[in-house]
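[1] take a look and give me a structure for this.
(chains A and B)
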2 protein chains.
Amino acid sequence: MNVDILGLIAGGLTSIASMPQLIKVIKTRNVEDLSWLMLVILITGLSLWVWYGILQNELPIILSNAFAVLVNVSLLSCYLLFRDKNKDEKS
Amino acid sequence: MNVDILGLIAGGLTSIASMPQLIKVIKTRNVEDLSWLMLVILITGLSLWVWYGILQNELPIILSNAFAVLVNVSLLSCYLLFRDKNKDEKS
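    Next comes the predicted model:
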């Protein structure tokens, strides 16, 4: 298999992986079981992968990780937004 | 910055990112808000990244994604294990 195609498929999958989680969070508005630390570490790491991809001039790495940064920043925003709501419901 | 070191830091962060989530799930035994579809897509994508890394002969990509596969397979196992427990508690 062409290595660029393999990279694009791999990158496509890892970058859309957080989408079902984002959709679930938006639907249920429950974030209690999620780890915010996971999201912070992930966003930092994915951003560094974008930088790595730019230096290595590897398009699959740049595109997939840039998209994943967007999705996970949205997820973190939802976390911060719904966390307070979840707290309010309990109190 | 040396591109290999950058890759190792990026890979280190994205591969340990799921660890806080795994620890949280093991501690709380609650998986209700997690998306199993996210885990399945992620494990598939990460496995393809390992293959991509082998073909490109890039050690940071191989090591970081192989470790991430392990963590996320553990997370999926916990999900399957605790999902039934969560259901039992509700019924």
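[2] what's the average pLDDT for stretch A:58-68?
    Over the span of stretch A:58-68, the pLDDT mean works out to 87.
[3] which other residues reach it?
    Contacts with stretch A:58-68, where a contact means CB atoms under 8 Å, 6 or more residues apart in numbering or on different chains, come from A:4, A:7-8, A:10-12, A:14-18, A:42, A:46-47, A:49-50, A:52-54, B:52. For every residue, glycine as well, the C-beta is placed using N, CA and C.
[4] mind doing that once more with 7 Å?
    Contacts of stretch A:58-68 with the rest of the structure, by CB atoms under 7 Å, 6 or more residues apart in numbering or on different chains, involve A:4, A:7-8, A:11-12, A:14-15, A:18, A:46, A:49-50, A:52-54.
[5] wait, A:Ile16 sits on B:Met38?
    No. In this structure, A:Ile16 is not within contact of B:Met38 by CB atoms under 7 Å, at 9.3 Å.
[6] coming back round to it: what about the contacts of stretch A:58-68, which are in helices?
    Of the positions in these, A:4, A:7-8, A:11-12, A:14-15, A:18, A:46, A:49-50, A:52-54 sit in helices, assigned by DSSP state H.
[7] now for those residues: which two are most distant?
    Checking the ones in helices among the contacts of stretch A:58-68 against each other with CB to CB, the farthest-apart pair comes out as A:Asp4 and A:Ser18, at 23.4 Å.
[8] among the ones in helices among the contacts of stretch A:58-68, which ones are buried?
    Among these, those buried by neighbour count (16 or more other CB atoms under 10 Å in any protein chain shown) are A:Gly7, A:Leu8, A:Gly11, A:Gly12, A:Thr14, A:Ser15, A:Ser18, A:Leu46, A:Trp49, A:Val50, A:Tyr52, A:Gly53.
[9] and the residue nearest to A:Val50 when sequence neighbours are not counted, how many neighbours?
    The shortest distance from A:Val50 to any residue other than its chain neighbours is 4.7 Å, reached at A:Asn65 (CB to CB, 6 or more residues apart in numbering or on different chains). Here the number of neighbours of A:Asn65 (other CB atoms under 10 Å in any protein chain shown) works out to 24.
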